[in-house]
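Visitor: sequence first, predicted coordinates after that:
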Amino acid sequence: MQPKQEHPLEFGLVDAESLIVDPREAERHLSSPEFPALVESVRRDDILQPPGVLRNLQVAFGTGRVLAKRKARPGERILVCWLQESMSEAQFNLLKWVENMRRQNWTPTEQSDRLFDLKQLHADLNQKQLSDLVGLTPTKISTLLAVFKCAPEVQKLYRENLLTPSDCAELAQLPVEVQRALASQRASGEILNREALKKLRIQHQTSETTTVKSSRVRMQIGGVQILVTGSSVSVEDLSELFKTGLNHCRRAEKMRWDIRTLERVLGDENRKEDPHSEI
């Protein structure tokens, strides 16, 4: 039986003054013109994303936040992300990349790749844990990862910045053949925007839905029983039928016809046609 692997991500509260920071990193942050704003942010909202700390209390990343915490909230403890000694260099670097996603100008493709790599390294992380870790909403994460559910041709267009993450989220819900066709149209500008793409996606999914029809439909509405018969009647047919019937009823009200007069008028208007249904 193999020993249980220790998860490399744990969180804990420690005294901010006890943390060991790299003097060069500390000097860089303290001399930065952006540091006062960071201090004010921490004073107002506290630390929004925990710094990464090794078990020997050495700060691996997030030095600026540690220093800002000491200055803005002296004497308070700080929430840290404990990095296990068993963490590989790849895992460590990946956490550093993801940790900076909110503060650096990452492109959508870079965000997608980092999130995908993170999920590969930590398959046990659910969407909520991943959201807490990288500071993005679960919806945003799903959108950025949608490209990996798309055909290779679609992924290529995404990496060429011809498709957006939202485009890929729409395309990922469709069969591969349809993905390719719509992605090409979107990349060329034939499909103008994501909303137009969404409409086409819904149309395709709707057209694939099996339509259930019946030759006889009996309905009870407000104490009145309605019987509709025809060769094949669907819900869509009923909807159109009732819309037309409502228009006829409104005409009858305007003309002050009773129900028998309405029935006779409709019969006269349709006497030369072979009726498909009757009510």
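Guide: Thanks, I have the structure now.
Visitor: now the residue nearest the centre of the chain, what's its secondary structure?
Guide: The geometric centre of the chain, computed from its C-alpha atoms, lies nearest to Thr139 (CA atoms, centre = their mean), at 3.3 Å. Of the three states, Thr139 takes helix under DSSP: H, G, I helix; E, B strand; the rest coil.
Visitor: and it, how far from Val59?
Guide: Noted for Thr139: a distance of 32 Å to Val59, by CB to CB, to the nearest Å. All C-beta atoms are positioned from the backbone trio N, CA, C, and that covers glycine.
Visitor: likewise for Cys249?
Guide: Taking CB to CB, one finds Cys249 at 76 Å from Val59.
Visitor: now the top strand by length along the chain: how far from the chain's centre is it?
Guide: What stands out as the longest strand in the chain, according to DSSP state E, is strand 224-233. Distance of strand 224-233 from the chain centroid (CA atoms, centre = their mean, to the nearest Å) equals 42 Å.
Visitor: what packs against that strand?
Guide: Packing contacts for strand 224-233, counted by 3 or more CB pairs under 8 Å, 6 or more residues apart in numbering; DSSP states H and E, involve strand 214-221, helix 235-255.
Visitor: tell me the mean pLDDT over the shortest one?
Guide: So that's strand 214-221. What strand 214-221 shows for mean pLDDT is 81.
Visitor: over to the last one?
Guide: Averaged across helix 235-255, pLDDT comes to 85.
Visitor: same deal with stretch 176-185?
Guide: For stretch 176-185, the mean pLDDT works out to 94.
Visitor: distance between stretch 166-175 and the chain's centre?
Guide: Centroid separation between stretch 166-175 and its chain, computed with CA atoms, centre = their mean, is 11 Å.
Visitor: that one: end-to-end distance?
Guide: Terminal residues of stretch 166-175 lie 17 Å apart, using CA to CA, to the nearest Å.
Visitor: before we move on, what about stretch 229-237?
Guide: Per CA to CA, stretch 229-237 runs 11 Å from first to last residue.
Visitor: run the chain-centre distance for it.
Guide: Distance, centroid of stretch 229-237 to centroid of chain: 37 Å (CA atoms, centre = their mean).
Visitor: any stretches of the stretch 51-200 of the chain with poor pLDDT?
Guide: Counting by pLDDT under 70, the stretch 51-200 of the chain contains low-confidence ranges at 85-105.
Visitor: would you map the helices across it?
Guide: 63-72, 89-99, 108-121, 127-134, 138-145, 152-159, 165-171, 176-188, 194-208 (DSSP state H, counting those that start in this stretch).
Visitor: kindly compare burial across the ones you listed and name the winner.
Guide: Highest mean neighbour count among the helices of the stretch 51-200 of the chain (mean count of other CB atoms under 10 Å): helix 165-171, with a mean of 23.
Visitor: what does the pLDDT read for Pro36?
Guide: Pro36 is given a pLDDT of 94.
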